[in-house]
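# turn this into a structure:
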Amino acid sequence: MVIDVKKLREDFKEPFDLINTSDGITLFLRKWEPSNASDKAILILHGITAHSAPYEMFGNAFSKLGYNTFGLDLRGHGLSDGIRGDYPSKERLINDLVETVSFLKTRVNQLLIFGHSLGVFNALITAKNTKEKIDGLILLSAGISIRPGVYKSQSVLQKLKILISSIFSPSKPVINYNREGILGLDDPLFNFKYTLRFMRLFDVKKFDMSEELDLPIILGVGEMDELFSVESAKSLLEEINSKDKEFFTMPGAKHAEGFTEESFKKLQSWLVSKFS
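Numbering: from 1, shown residues only. Here you go, the predicted structure:
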């Protein structure tokens with residue numbers, strides 16, 4: 001199915017901004033605005049397959065607390081330009097994230113980043129690479145290792161086909177992303193196919209977390225998360241080099257659903273205690 005992203009942006013009726021990147025790509029930035037003018041903001045970075053729209057609950061909740069809330073659609077996702085399910089390089093990913101932060105910092109004084117699932121690593125990448133001040137990180141649904149058996153093992157032949165295709169057509173998505181209980185199957189803006197070079201950008205084992213982050217961090221995980229155990233999430237937080245970090249669990253929540261007002265209360269109290 002071919003998606004006319006430009007037409008969908010033109011028809012979009014809710015608040016949004018567009019970011020023109022240094023290599024000429026347009027990135028889509030959804031907005032949830034507080035009732036009163038504010039100089040503080042939260043940037044939401046979505047998980048794999050997704051885009052900013054499914055984070056409406058968080059966008060509305062943060063805006064009610066007085067934060068200008070923005071949801072970035074990654075390149076090749078949602079209403080942003082780019083080949084679906086692809087990123088040309090790690091440097092381009094970093095540039096997109098840093099340029100988004102620079103765009104927002106011209107409008108607000110205080111900026112926090114909220115990352116969910118894959119967005120957790122994008123939040124950490126952003127904090128490590130931007131020269132702009134990031135005031136805090138909210139990280140949800142991620143861990144140091146995935147539960148065994150979540151993804152089906154690929155045959156040698158499947159791996160060979162992916163490798164060959166990626167050598168001769170690196171921008172062609174060839175990896176089907178699927179797991180039991182996956183969401184977004186009825187949403188045409190979700191991605192379920194990726195390039196090998198995209199998937200290699202997020203190898204947790206190669207992710208360097210030794211650099212100290214001088215900012216408060218909170219990491220939470222659902223008690224019923226299908227991908228990451230509570231222990232795995234705690235281990236990830238231990239790896240992150242920050243002197244100000246907290247952990248919490250969300251009763252009844254899964255990886256990308258089951259978030260309730262009760263689980264949001266922990267985030268709210270953390271925001272109040274750190275940024276009032």
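
# can you list the low-confidence ranges for this protein?
Scanning the chain for pLDDT under 70 picks out the ranges 1.

# in terms of helices and strands, where is the most centrally placed residue in it?
Computing the C-alpha centroid of the chain and ranking residues by C-alpha atoms, centre = their mean puts residue 119 first, at 2.1 Å. Using DSSP states H and E, residue 119 sits in helix 118-129.

# paired strands for the helix or strand following that helix, with orientation please.
Heading C-terminal from helix 118-129, the first helix or strand you meet, by DSSP H and E, is strand 136-140. With DSSP bridges as the test, strand 136-140 is paired with strand 110-116 (parallel), strand 217-222 (parallel).

# what's the first helix or strand after strand 136-140?
helix 156-168.

# which strands or helices does that following helix pack on?
In terms of contacts (3 or more C-beta pairs under 8 Å, 6 or more residues apart in numbering; DSSP states H and E), helix 156-168 is packed against helix 196-200. Just so you know, the C-beta spots here come from the backbone N, C-alpha and C atoms, and that holds for glycine as well.

# and the helix it packs on, what does it pack against?
helix 156-168.

# so for the helix it packs on, what gets flagged as buried?
Using 16 or more other C-beta atoms under 10 Å as the test for burial, helix 156-168 gives 162, 165, 166.

# isn't the last one right up against residue 160?
No. Residue 166 is beyond contact range of residue 160, at 10.7 Å (criterion: C-beta atoms under 8 Å).

# what separation do you get for the residue in the chain sticking out farthest from the centre and residue 169?
No residue in the chain sits farther from the centre than residue 157, which is 31.5 Å out by C-alpha atoms, centre = their mean. Distance, residue 157 to residue 169, using C-beta to C-beta, to the nearest Å: 18 Å.

# can you report how many residues lie near residue 79?
22 (other C-beta atoms under 10 Å).

# return the distance of it relative to residue 93.
Applying C-beta to C-beta to residue 79 and residue 93 gives a distance of 18 Å.

# quick one, helices of the stretch 1-150 of the chain?
Assigned helices in the stretch 1-150 of the chain, in chain order: 5-11, 56-64, 90-105, 118-129 (criterion: DSSP state H, counting those that start in this stretch).

# adding distance to residue 252, write those helices out as CSV.
Converted to CSV, the helices of the stretch 1-150 of the chain look like this (distance: least, C-beta to C-beta, whole Å):
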stretch, distance to residue 252
helix 5-11, 34
helix 56-64, 15
helix 90-105, 32
helix 118-129, 21
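
# most tightly packed of these?
Highest mean neighbour count among these (mean count of other C-beta atoms under 10 Å): helix 118-129, with a mean of 22.

# show me what that helix is packed up against.
strand 40-45, helix 90-105, strand 110-116, strand 136-140.

# list the helices and strands the second one packs on?
When contacts are defined as 3+ C-beta pairs under 8 Å, 6+ apart, helix 90-105 packs onto strand 16-20, strand 26-32, strand 40-45, strand 110-116, helix 118-129.

# tell me how far it lies from the chain's centre.
In terms of C-alpha atoms, centre = their mean, to the nearest Å, the gap separating the centre of helix 90-105 from the centre of its chain is 13 Å.

# tilt between that helix and strand 40-45?
For helix 90-105 against strand 40-45, the angle by axes from the mean of the first three to the mean of the last three C-alpha atoms, to 10 degrees is 150 degrees.

# again with the shortest one
Angle of strand 136-140 versus strand 40-45, following the same axes, to 10 degrees, is 40 degrees.

# in strand 136-140, what counts as buried?
136, 137, 138, 139, 140.

# pull the contacting residues for the first one.
The contact partners of residue 136, taken as C-beta atoms under 8 Å, 6 or more residues apart in numbering, are 112, 113, 215, 216, 217, 218, 274, 275.

# out of the residues you listed, which are buried?
Neighbour-count burial (16+ other C-beta under 10 Å) is assigned, among the contacts of residue 136, to 112, 113, 215, 216, 217, 218.
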